[in-house]
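Colleague: Got a sequence here, can you build the structure:
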Amino acid sequence: MLKIHKQVHFPQINTTKSHFKHTALVGIGGNVGNVLKRFERVYYTLQKHPQVWIKESSFILQNPPFGFADQNDFYNAVLVLQTTFAPRELLKFLLHVEKIFKRRRSFKNAPRTLDLDIIFFDDVCYRHKKLIIPHPHWQKRDSVIIPMASLHNFRRKI
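Modeller: Now for the predicted structure:
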């Protein structure tokens, strides 16, 4: 069953202007521990970085797992970030943030404390062995489509 949650920074729109040249849509997810509290801490971690500015966040969607189904529901949201990072630099930074929050990669679709995925980056299509933009299969995932539809400052054809 799908359920919507709201927290202090989910949803939120930042109306101040940023001078960062790139815009990325980042998916955030997790299903281990107190995920709602962790999302707030992740928000602060991202926002305090000098090369990242959070323009907007969606509400948080609670939804059933896919792939490996024998696990807790996931919580998912999306963030519109503005940044000076290039795509692979942003990926490296997001993987570092996952590590700070104790992300473990035991098997595909395993339970996790935190998952940060670049869904879009500007209007680029990018292929590298460790990064594909747009994120593969984003349009088939309610965990991306539903939160993304609630955004005011990020419009993309679904």
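
Colleague: Can you find the helix or strand in this protein with the smallest mean pLDDT?
Modeller: Every helix and strand of the chain was ranked by mean pLDDT, DSSP states H and E. The lowest is strand 126-128, at a mean of 91.

Colleague: List the contacts of G29.
Modeller: Neighbour list for G29: F74, Y75, N76, A77, R112, L114, D115, D117, S143 [criterion: C-beta atoms under 8 Å, 6 or more residues apart in numbering]. Every C-beta, even on glycine, is put in place using the N, C-alpha and C of the backbone.

Colleague: quick revisit: so after the least confident helix or strand of the chain, what's the next helix or strand?
Modeller: Under the assignment DSSP states H and E, the closest C-terminal helix or strand after strand 126-128 is strand 131-133.

Colleague: What pairs with that following strand, parallel or antiparallel?
Modeller: Here strand 131-133 is paired, per DSSP bridges, with strand 126-128 (antiparallel).

Colleague: picking up where we left off before, closest to Q7 out of the contacts of G29?
Modeller: Closest approach to Q7 among these (C-beta to C-beta): A77, at 8.9 Å.

Colleague: just to revisit the earlier point, which one of the contacts of G29 sits closest to I28?
Modeller: A77 (5.1 Å).

Colleague: now the closest one, what's its secondary structure?
Modeller: Three-state call for A77 (DSSP: H, G, I helix; E, B strand; the rest coil): strand.

Colleague: what's the pLDDT at it?
Modeller: According to the prediction, A77 has pLDDT 98.

Colleague: what about it, how many neighbours?
Modeller: A77 is flanked by 28 other residues according to other C-beta atoms under 10 Å.

Colleague: looking at it, it is touching E56, isn't it?
Modeller: No - A77 is beyond contact range of E56, at 10.6 Å (criterion: C-beta atoms under 8 Å).

Colleague: which one is the residue positioned nearest the centre of the chain nearest to, not counting chain neighbours?
Modeller: What sits nearest the mean C-alpha location of the chain, by C-alpha atoms, centre = their mean, is G27, with 2.0 Å. Computed as C-beta to C-beta, 6 or more residues apart in numbering, the closest residue to G27 that is not its neighbour in sequence is D117, at 4.3 Å.
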